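[1] Whatever this is, show me its structure:
(chains A and B)
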Number of protein chains: 2
Amino acid sequence: MQELGQADRQRLFERFGRSYAAGDTIYDEGESAEHCYLLQDGRVRLVKNIRGAERSLTVLKPGDLFGEDALLPRVRRSASAVALTDAQVLALDRRTFGVLLAGNPEVASRLVEQLVRRLRHAEEQLENAMLRDQPSRVVNTLLRLTAGLEATSEGYVLSISPLELSSRVGLDVDAVKKAVQQLRDGGYLRIADEKIILPDLDALRQLYQLLGMKEEVRGGFP
Amino acid sequence: MQELGQADRQRLFERFGRSYAAGDTIYDEGESAEHCYLLQDGRVRLVKNIRGAERSLTVLKPGDLFGEDALLPRVRRSASAVALTDAQVLALDRRTFGVLLAGNPEVASRLVEQLVRRLRHAEEQLENAMLRDQPSRVVNTLLRLTAGLEATSEGYVLSISPLELSSRVGLDVDAVKKAVQQLRDGGYLRIADEKIILPDLDALRQLYQLLGMKEEVRGGFP
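    Here you go, the predicted model:
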């Protein structure tokens, strides 16, 4: 929370701070949600049990809000939070969170922006999940990533690691790498210096439509 | 925005208000996002073009925030917004939105809660989309809806319409109705007075695990 001065941070931490050692559980999936948390220091991992298999959802960094479900009435934790390193958090119940927002408009603005970003990410992943075939998901994500970029003489240049792309697409890294390779073999993209270069967006859009037609033949959207 | 007094509303509307007639487009998918909107009066529909087919995402009501992507830098509209009835909105750029938040902590709190609710909804739908078979999606949603409820002598009672359930599951109404019927035939639920009654959650959880095993045999998670 860079928006809070050192003195404010100190004061808040004295009242609402909690410290965890690496490996500690902050809350468990299924528990009733009483507090939301602002991560101050360290790293926290959110994990979810999906039919007996533990899935890592995300790793949080200082400044991140988590456990925000506690701001809704009568909700249970949809995932567990585990300290990945030693970690310090502010634990705020709904009322206190409201007071914090009211007294710190900068914090309020930043949290709204954070939530909007996560919402956009979730909605993009949801859209992708509706697409049946993996190449479609990758192509759709690549097209989306070009939004707001200016083309260079080479085309649209995306600075994105395979891991980051995999998170945006919502598929594992190997599946994404394979699809990227296929697209490269097809001449739809080039890779140079850890960057993905898309020389011809129209061709990529056409491919996306074509993949969709193949999908329709196989039975349309779920 | 019930949190704003009549005088505040008037003053804000004079500066930032815009009126649309039913059928007017407020913004188009793909446009650069400059303003976010607070719906004051009327209904607005968000629609998205998915491979040539227009899909209705949601219908907004007064008090709802939309077009909030404009709060992020360099973003394009991920959907179009169309006035479903005559509608009045506040159109706020990023800076003005920050000023509004700072001056109206009640509004800030309510918007954060709204975003958290939407985020939770999107994340639930995303989890559901990861499940391949439709019965699993319905069972998973039913189990989730019981969270925070107390059991009655009959079991857990959910007051939810087929349409609402369909939105929570992320499948069309007919598919959800069919799955609910199958569950009723299997003795997992009863329907009475537009309510769904779940007499035995353990049995439902077991069914969920069993459906998952069937899925694994067919090749595991995507």
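[2] Just want the angle from the longest helix anywhere in chain A to helix B:105-130.
    Across chain A, the longest stretch assigned as helix under DSSP state H is helix A:105-130. Angle of helix A:105-130 versus helix B:105-130, following axes from the mean of the first three to the mean of the last three CA atoms, to 10 degrees, is 20 degrees.
[3] State the next helix or strand along the chain beyond helix A:105-130.
    Counting by DSSP states H and E, the next helix or strand C-terminal to helix A:105-130 is helix A:134-145.
[4] Can you give the contact residues for that following helix?
    A:124, A:127-129, A:131, A:158, A:160, A:165, A:168-171, A:175-176, A:178-180, A:182-183, A:188-189, A:196, A:198, A:201, A:204-205, A:207-208, A:211-212, A:215 (CB atoms under 8 Å, 6 or more residues apart in numbering or on different chains). Heads up, the C-betas are built off the backbone N, CA and C, glycines and all.
[5] Now list the buried members of these.
    A:124, A:127-129, A:131, A:158, A:160, A:165, A:168-171, A:175-176, A:179-180, A:183, A:188-189, A:196, A:198, A:204, A:207-208, A:211-212, A:215 (16 or more other CB atoms under 10 Å in any protein chain shown).
[6] picking up where we left off before, does anything pack onto the longest helix of chain A? Which helices or strands?
    strand A:65-66, helix A:94-103, helix A:134-145, helix A:162-169, strand B:44-50, helix B:94-103, helix B:105-130 (3 or more CB pairs under 8 Å, 6 or more residues apart in numbering or on different chains; DSSP states H and E).
[7] now it and helix A:94-103, what's the angle there?
    Going by the same axes, to 10 degrees, helix A:105-130 makes 120 degrees with helix A:94-103.
[8] quick revisit: could you save the helices and strands packed on helix A:105-130 as TSV and add columns showing mean pLDDT and distance to residue A:79?
    Output for those, formatted as TSV (pLDDT from 0 to 100; distance: least, CB to CB, whole Å):
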stretch	mean pLDDT	distance to residue A:79
strand A:65-66	96	9
helix A:94-103	90	19
helix A:134-145	88	23
helix A:162-169	81	16
strand B:44-50	89	27
helix B:94-103	90	28
helix B:105-130	87	9
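[9] which one of these lies closest to residue B:11?
    helix B:94-103 (11.1 Å; CB to CB).
[10] Can you find the helix or strand of chain A with the lowest average pLDDT?
    Least confident helix or strand, chain A: helix A:201-217 with a mean of 78, by mean pLDDT, DSSP states H and E.
[11] from the middle of its chain, how far away would it be?
    From the chain centre to the centre of helix A:201-217 is a distance of 26 Å (CA atoms, centre = their mean, to the nearest Å).
[12] Over to stretch A:109-118?
    On CA atoms, centre = their mean, the centre of stretch A:109-118 falls 12 Å from that of its chain.
[13] in it, what's buried?
    A:109-116, A:118.
[14] Show residues contacting it.
    A:1, A:3, A:63-65, A:68, A:101, B:68-69, B:71-72, B:98, B:101-102, B:108, B:111-112, B:115-116, B:119.
[15] Between helix A:134-145 and the least confident helix or strand of chain A, find me the angle.
    140 degrees.
[16] which strands and helices sit next to helix A:201-217?
    helix A:134-145.
[17] Following element in sequence after the helix it packs on, please.
    With elements assigned by DSSP H and E, the helix or strand that comes after helix A:134-145 is strand A:156-159.
[18] now that following strand: mean pLDDT?
    Model confidence over strand A:156-159, given as mean pLDDT, is 92.
[19] quick one on the thing from earlier: orientation of the longest helix of chain A relative to helix A:162-169 in degrees?
    If you take the same axes, to 10 degrees, helix A:105-130 sits at 80 degrees to helix A:162-169.
[20] quick one, helix A:105-130 and strand B:44-50 angle?
    Computed by the same axes, to 10 degrees, the angle separating helix A:105-130 from strand B:44-50 equals 40 degrees.
[21] just how off-centre is helix A:105-130 within its chain?
    8 Å.
[22] Count the residues that sit near residue A:206.
    Using other CB atoms under 10 Å in any protein chain shown, residue A:206 is surrounded by 12 other residues.
[23] let me redo that: residue A:31
    12.
[24] so what's it closest to, chain neighbours aside?
    residue A:77 (4.9 Å; CB to CB, 6 or more residues apart in numbering or on different chains).
[25] since we're on the one you found, how many residues are nearby?
    Residue A:77 - counted by other CB under 10 Å - has 21 other residues nearby.
[26] Do I have it right that it meets residue A:66?
    No - counting by CB atoms under 8 Å, residue A:77 does not reach residue A:66; the two are 10.3 Å apart.
[27] Ramachandran coordinates for residue A:89?
    Main-chain dihedrals, residue A:89, degrees, to the nearest 10: phi -130, psi 160.
[28] Identify the structural domains in chain A and state their residue ranges.
    Chain A breaks down into these domains under automatic domain parsing: A:6-127, A:133-219.
[29] now, of those domains, which is deepest in the fold?
    domain A:6-127 (a mean of 17; mean count of other CB atoms under 10 Å in any protein chain shown).
[30] roughly how far apart are residue A:17 and chain B?
    21 Å (CB to the nearest CB, to the nearest Å).
[31] And that residue, how far from residue A:89?
    7 Å (CB to CB, to the nearest Å).
[32] quick one: common contacting residues for those two?
    residue A:40.
[33] neighbouring contacts of the least confident helix or strand of chain A?
    A:131-133, A:135-136, A:139-140, A:142-143, A:146, A:155-156, A:186-189, A:198, A:221, B:51-52.
[34] Then stretch A:73-80?
    By CB under 8 Å, 6+ apart, the residues outside stretch A:73-80 that reach it are A:25-33, A:46-49, A:57, A:67, A:69, B:120, B:123-124, B:147-148.
[35] and it, how far from the chain's centre?
    The gap between where stretch A:73-80 is centred and where its chain is centred comes out at 19 Å by CA atoms, centre = their mean.
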